[in-house]
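> Here is my input; please provide its structure:
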Amino acid sequence: MFTYCTDPAALDGLTWLSCYLTTGKHMAFYWSFLTVMALMLVTAPSAMVLGFGGAMAARSHIAPLRWIGKIYTAMVRGIPDIAFFLFVPIAMDQGFEYLRHKVKCPDWDQPIRQGSDFVVCAQAKLPLSSSPQWVHESYGFFLAVLAFAIVFGAFAANVLSGAMQAVPRGQLETAEAYGMSRRQTFWRIMVPQMWVYALPGLSNLWMILIKATPLLFLLGVPDIVYWAKELGGSKTSAYAYPHPDWRLYYFLGLLVFYLSLTKLSEVILARLTTRLTLGQATVAGEAQRKARA
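Below is the predicted model:
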């Protein structure tokens with residue numbers, strides 16, 4: 001980045017450190033922090049949508065929908081996360097390429113499965129080999145978000161289903177007595193009140209999601225843990241910026257980052273809990289009423 005960094009052998013002290021911390025790999029390391037934050041910000045609402053849909057399906061009076069909702073939550077929650085994270089990107093990637101292959105290469109006469117290889121025509125590859133690097137990275141990030149959303153959506157579905165059951169039955173009966181339909185009771189009475197019961201479980205899921213972000217490396221997305229290991233490893237004279245094993249310092253920086261993110265999350269979730277419990281007939285709501293009295 002700096003003009004005086006052209007000859008690493010002539011550098012020393014802070015000038016050497018400034019050149020070392022502004023290399024291309026370090027820029028990728030800094031960018032990976034934004035990648036992790038983007039993953040969480042995209043995965044959280046996606047998982048909530050899947051979770052809400054799964055919870056509604058599990059409570060449906062239509063048997064097939066109820067079976068789908070219950071199978072989804074039971075199957076995903078019963079499989080180790082790491083196995084599902086490895087399975088979903090591969091399965092979805094091959095599924096997308098298979099559909100594109102059928103459309104773009106109808107005259108293909110060779111088997112798609114050739115031993116352990118999955119072979120499709122060049123036009124069906126995702127992304128295309130001629131695509132720029134950012135397209136390949138974006139596609140890998142999309143598959144990672146999809147895997148995270150499916151896994152955490154199943155856990156969110158279980159939390160939301162329990163929260164729906166925790167809404168006092170008297171509230172629903174009162175709504176029915178006033179002539180509300182089943183749909184009106186669900187959207188106007190149950191849904192607004194269930195969040196206060198769901199928030200503790202959803203808060204735990206958010207914390208688990210934060211801790212699960214290092215699994216990005218397994219999905220082919222270079223994350224902050226990957227770069228910390230890559231940059232902190234012992235360097236030799238074959239590298240432009242040789243240094244001893246600095247992994248301790250890099251991972252210490254990651255420790256500070258994750259602890260700061262967790263603390264910020266706790267503060268925001270605590271304020272959200274206070275806002276949601278205001279006026280509610282819960283333990284936290286009673287505590288607020290007594291504090292104001």
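
> Going by C-alpha atoms from here, please, whenever you check contacts or count neighbours.
Noted.

> Spit out the contact partners of Ile82.
Residues near Ile82 by Cα atoms under 8 Å, 6 or more residues apart in numbering: Leu215.

> go on, the one 3 residues further on?
Residues touching Phe85, when contacts are defined by Cα under 8 Å, 6+ apart, comprise 144, 147-148, 151, 215, 218-219.

> what about the host helix or strand of it, average pLDDT?
Under DSSP states H and E, the secondary-structure element containing Phe85 is helix 81-104. For helix 81-104, mean pLDDT is 83.

> Please tell me which one of the contacts of Phe85 counts the most neighbours.
Counting neighbours by other Cα atoms under 10 Å, the top entry in the contacts of Phe85 is Phe148, with 28 neighbours.

> can you pull the pLDDT of Ile224?
87.

> Quick one: neighbours of it, just the number.
Neighbours of Ile224 using other Cα under 10 Å come to 25.

> Can you give me every residue that contacts it?
29-30, 32-33, 36, 214, 254.

> And the contacts of Phe85, which two are furthest apart?
Val151 and Leu218 (15.1 Å; Cα to Cα).

> Once you drop chain neighbours, what's closest to Phe52?
Ala157 (5.8 Å; Cα to Cα, 6 or more residues apart in numbering).

> Which pLDDT value belongs to that neighbour?
91.

> so what's it up against?
Each residue near Ala157 by Cα under 8 Å, 6+ apart is listed here: 48, 50-55, 73.

> Give me the subset of the contacts of Phe85 that lies in helices.
144, 147-148, 151 (DSSP state H).

> okay, those residues in JSON lines with distance to Leu99 and pLDDT next?
Shown next, in JSON lines, are the ones in helices among the contacts of Phe85 (distance: Cα to Cα, whole Å; pLDDT from 0 to 100):
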{"residue": "Ala144", "distance to Leu99": "20", "pLDDT": "86"}
{"residue": "Ala147", "distance to Leu99": "19", "pLDDT": "87"}
{"residue": "Phe148", "distance to Leu99": "23", "pLDDT": "88"}
{"residue": "Val151", "distance to Leu99": "24", "pLDDT": "88"}
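
> Next, count neighbours for Leu255.
12.

> let me fix that: Cys105
15.

> what do you get for the one 5 residues further on?
In terms of burial, Gln110 registers 10 neighbours under the definition other Cα under 10 Å.
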